[in-house]
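Colleague: Here is my input; please provide its structure:
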Amino acid sequence: MTHASPRSTALDKTFRASLVLKGLDGVLELVGGILLLLVSPAQLGSVVRFLTQHELSEDPHDLVATTLVHLAGSLTLSATLFGAIYLLLHGLVKVALVWAVLRDRLWAYPWMVVFLLVFIVYQCYELVVAFTWGMALLTAFDIFIVWLTLREYRARRGRTAGQAASQPASNHGPGTDQG
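Modeller: Have a look, this model is predicted:
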């Protein structure tokens with residue numbers, strides 16, 4: 001039995017590192033979703049006011065701090081619940097897909113691409129409505145991950161097809177483990 005040597009190109013390492021970052025982002029979304037379920041909108045407003053009070057005492061017109069205070073003050077229970085469900089589902093799907101791709105599950109690659117493309121479309125809409133550099137960078141990062149995922153998927157699929165073609169037919173019979 002021969003094993004393919006591990007690929008060690010810079011793009012392969014970049015792909016793995018990008019996936020790990022996406023997975024960590026998914027974990028943070030899960031934590032955020034759980035926190036939104038546990039913290040009331042009033043408590044969240046208090047925390048935001050506490051965290052921004054120093055900045056607002058130095059610059060009462062600070063855009064980020066005043067926006068955070070305004071958003072936290074206008075949160076409703078239904079908006080918080082929606083945010084929690086959104087973060088939990090988005091984080092769960094992201095973590096599951098990243099885990100599956102890192103475990104070389106071939107089925108997960110196309111799902112990862114579709115998942116990211118849906119959010120890229122949404123992020124582009126958000127950029128048109130209200131441009132922010134953070135959203136622009138996130139969108140560029142997601143486009144890069146889609147490109148890397150497609151590249152890796154093609155390579156893995158090609159290797160899998162090549163390995164299947166090179167194995168004797170008797171290895172594909174009942175009782176053999178092909179997964």
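Colleague: can you list the domain ranges for this structure.
Modeller: What automatic domain parsing lists as the domains of the chain is 26-93, 104-164.
Colleague: Just give me how far the one helix or strand Leu81 maps to sits from the chain centre.
Modeller: Here Leu81 sits within helix 77-102, counting by DSSP states H and E. How far helix 77-102 lies from its chain's middle: 9 Å, per Cα atoms, centre = their mean, to the nearest Å.
Colleague: likewise stretch 107-123?
Modeller: So, by Cα atoms, centre = their mean, the centroid of stretch 107-123 is 10 Å from its chain's centroid.
Colleague: do the same with stretch 144-158
Modeller: The answer for stretch 144-158 is 16 Å, by Cα atoms, centre = their mean.
Colleague: Can you tell me what sits against that stretch?
Modeller: Stretch 144-158 is contacted by residues 7, 11-12, 14-15, 18-19, 22, 101, 104, 106, 109-110, 112-113, 116-117, 120 when judged by Cβ atoms under 8 Å, 6 or more residues apart in numbering. For glycine as for every other residue, the C-beta is placed from the backbone atoms N, C-alpha and C.
Colleague: switch to 7 Å and redo it
Modeller: 11, 14-15, 18, 22, 104, 106, 109-110, 112-113, 116-117 (Cβ atoms under 7 Å, 6 or more residues apart in numbering).
Colleague: Over to stretch 35-47?
Modeller: 72-73, 75-77, 80, 83-84, 87.
Colleague: Might you specify the subset of the contacts of stretch 144-158 located within strands?
Modeller: Judged by DSSP state E, strands contain none of the contacts of stretch 144-158.
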